[in-house]
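# any chance you could fold what I've pasted below:
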Amino acid sequence: GRPIKIEANPAANELGKTNARAQASVLSLYDNDKVKQPKLNGKDETFDKVDDEVLKALNNAGTSGKKIVVLSHSFASPTFKKLFGDFKTKYPSAELVTYDALPHAANLDAAQEVFGQRALPVYDLTNSELVVSFQADFLGDFNAQSLESSYAAARVPGENMLEHIQIESNLSLTGANSDTRIPLKPSAVNKLLVEVYNGLNGGTSDKVAADLVKRLQEKGNKAVVLADGSKAAIVLSHLINQKLNSTAFTGKANFLKEFDGARYQEFLGWMNAGQVGVLIANNVNPIYSSNKGEDFKKALSKVGFVMSFSEKKNEMYDASKVVIPVANWLESWGDIAPQTGAYSLMQPTIQKIFKPRQLEESLLVWINGKGSELNNYYDYLKTNATALLGATPFNQALYNGFNAGGVATTLAYAGGNAAQAVADLGNFKASEF
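Take a look at the predicted model:
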């Protein structure tokens with residue numbers, strides 16, 4: 001077969017949806033401009049020669065005590081996590097660092113503070129009757145999820161139809177769909193959010209905030225407040241929802257984003273100190289997408305051996321001694337645990353078109369050595385997935401696509417420094433425009 005269109009899996013319920021990016025990903029499968037085969041020093045080479053170079057570099061790094069860093073985008077795959085654990089057993093100095101061009105760092109930092117876990121909360125607006133949003137474009141790309149489905153279900157005309165109030169600076173898709181839109185400067189949005197929090201926990205002299213507080217209190221647990229833009233704003237929104245006992249907060253965790261700013265800064269420190277012997281970049285390009293890309297490029301010069309899994313010829317491609325083409329997800333084996341209680345298996349829909357190789361396949365070669373019978377990632381995936389699936393046979397789970405199980409982690413309110421959040425939001429100064 002030849003994949004030409006992505007269809008959602010209805011068994012996945014709220015996760016059984018596609019978007020424009022998922023549909024467009026089919027085009028990248030056939031892209032004639034992408035990297036087609038492995039490279040060594042910019043020239044075409046065989047996997048055999050490339051693996052020789054990588055294995056030599058890994059062993060040298062291990063001998064010299066330098067770090068081996070796998071720099072990857074967020075990767076919510078339980079089997080990949082286990083495989084990296086095996087890689088670290090083989091190479092004890094190995095480290096896994098996450099880098100995302102769109103990191104959702106403020107959301108993750110706020111979740112860490114309020115829930116005690118670095119995972120994003122999952123919301124469901126189906127039974128909500130009031131949503132008040134402060135800069136949160138929740139019909140677009142908010143909190144690494146989209147709430148279009150539950151929003152549409154709650155907006156059915158009737159006695160309990162969801163009312164939507166949007167407070168924002170720039171017009172968003174979400175704001176354009178709101179019942180009431182209040183345009184304010186970013187500093188004024190922050191001030192209003194603080195006043196709403198104060199109103200729910202004592203009182204406020206702000207008339208707009210007082211009206212919002214009244215509406216929120218009338219709806220009680222059928223109301224929810226969403227915020228974006230800064231850690232402090234998101235922390236306050238979580239604490240408001242805790243106060244309201246909002247039913248929109250499901251307690252489920254979203255694991256699709258894993259970036260940790262402190263961890264990434266630690267990694268940059270390793271590079272600048274010359275402590276990284278091998279860097280394996282998994283389809284990320286901080287030279288281009290980071291706001292400190294030039295600094296990253298300079299730090300690369302202090303790394304002994306740089307290799308990348310790349311889809312296109314880009315800055316990381318140019319900086320790498322070894323390049324391995326990225327395998328499109330439609331020609332790969334894999335699994336994903338996107339949120340609490342959800343586990344999905346991924347299988348190839350077509351034979352590999354060019355000569356790519358998954359990161360997972362490569363790690364197996366570098367763990368077991370070339371030519372080992374243990375280097376089949378399908379077998380590795382099947383063994384690990386079978387343990388996660390319990391009573392569900394692997395072939396049945398593969399047929400289902402979506403399965404209950406995976407990660408059981410849930411979120412519960414455990415903290416949150418309201419005073420610090422209020423102080424941080426108060427430090428935002430109004431512009432002169």
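# ok, and what's touching stretch 255-266?
74-76, 97-100, 103-105, 107-109, 118-120, 144-145, 337-339, 407, 409 (C-beta atoms under 8 Å, 6 or more residues apart in numbering). Every C-beta, even on glycine, is put in place using the N, C-alpha and C of the backbone.
# the closest residue to G229 other than its chain neighbours and K5, how far apart?
Nearest non-adjacent residue to G229, counting by C-beta to C-beta, 6 or more residues apart in numbering: Q135, 4.5 Å away. Separation of Q135 from K5 (C-beta to C-beta, to the nearest Å): 35 Å.
# re the thing from before, just the buried subset of the contacts of stretch 255-266, written out for PyMOL, thanks.
A single PyMOL command selects the buried members of the contacts of stretch 255-266 (16 or more other C-beta atoms under 10 Å):
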select buried, resi 74+75+76+97+98+99+100+103+104+105+107+108+109+118+119+120+144+145+337+338+339+407
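# filter the contacts of stretch 255-266 down to the ones in helices?
Judged by DSSP state H, helices contain the following of these: A105, N107, L108, D109.
# test my guess that the second one contacts N143.
Yes - with contacts defined as C-beta atoms under 8 Å, N107 counts as touching N143 at a distance of 5.5 Å.
# strands of the stretch 251-400 of the chain, start to end?
Taking DSSP state E, counting those that start in this stretch to define them, one finds strands in the stretch 251-400 of the chain at 276-282, 305-310, 322-325, 334-336, 342-346.
# which helix runs longest in this structure?
Per DSSP H, the chain has its longest helix at helix 47-64.
# report pLDDT for D51.
With respect to pLDDT, D51 has a value of 98.
# so what's the residue nearest to N314 when sequence neighbours are not counted up against?
Excluding its sequence neighbours, the residue lying closest to N314 (C-beta to C-beta, 6+ apart) is N285, at 5.2 Å. Residues in contact with N285 (C-beta under 8 Å, 6+ apart) are A101, N314, E315, M316.
# same question, P348
Applying C-beta under 8 Å, 6+ apart to P348 gives the contacts L330, E331, S332, W333.
# show me where the stretch 151-300 of the chain has helices.
If DSSP state H, counting those that start in this stretch is used as the criterion, the helices of the stretch 151-300 of the chain fall at 173-176, 186-200, 207-219, 231-244, 261-272, 286-289, 293-300.
# now render the contacts of P348 as JSON lines, adding distance to D228 and neighbour count.
Converted to JSON lines, those look like this (distance: C-beta to C-beta, whole Å; neighbours: other C-beta atoms under 10 Å):
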{"residue": "L330", "distance to D228": "32", "neighbour count": "18"}
{"residue": "E331", "distance to D228": "35", "neighbour count": "18"}
{"residue": "S332", "distance to D228": "32", "neighbour count": "20"}
{"residue": "W333", "distance to D228": "35", "neighbour count": "23"}
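# can you pick out the most distant pair from those?
Using C-beta to C-beta, the contacts of P348 reach their maximum pairwise distance at L330 and W333, which is 11.3 Å.
# from the chain's centroid, how far away is stretch 333-350?
Its chain's C-alpha centre and that of stretch 333-350 lie 15 Å apart, by C-alpha atoms, centre = their mean, to the nearest Å.
# any idea of the mean pLDDT for it?
95.
# quick revisit: for the ones in helices among the contacts of stretch 255-266, which one is nearest S178?
The closest of the ones in helices among the contacts of stretch 255-266, once distances to S178 are taken by C-beta to C-beta, is N107, at 21.1 Å.
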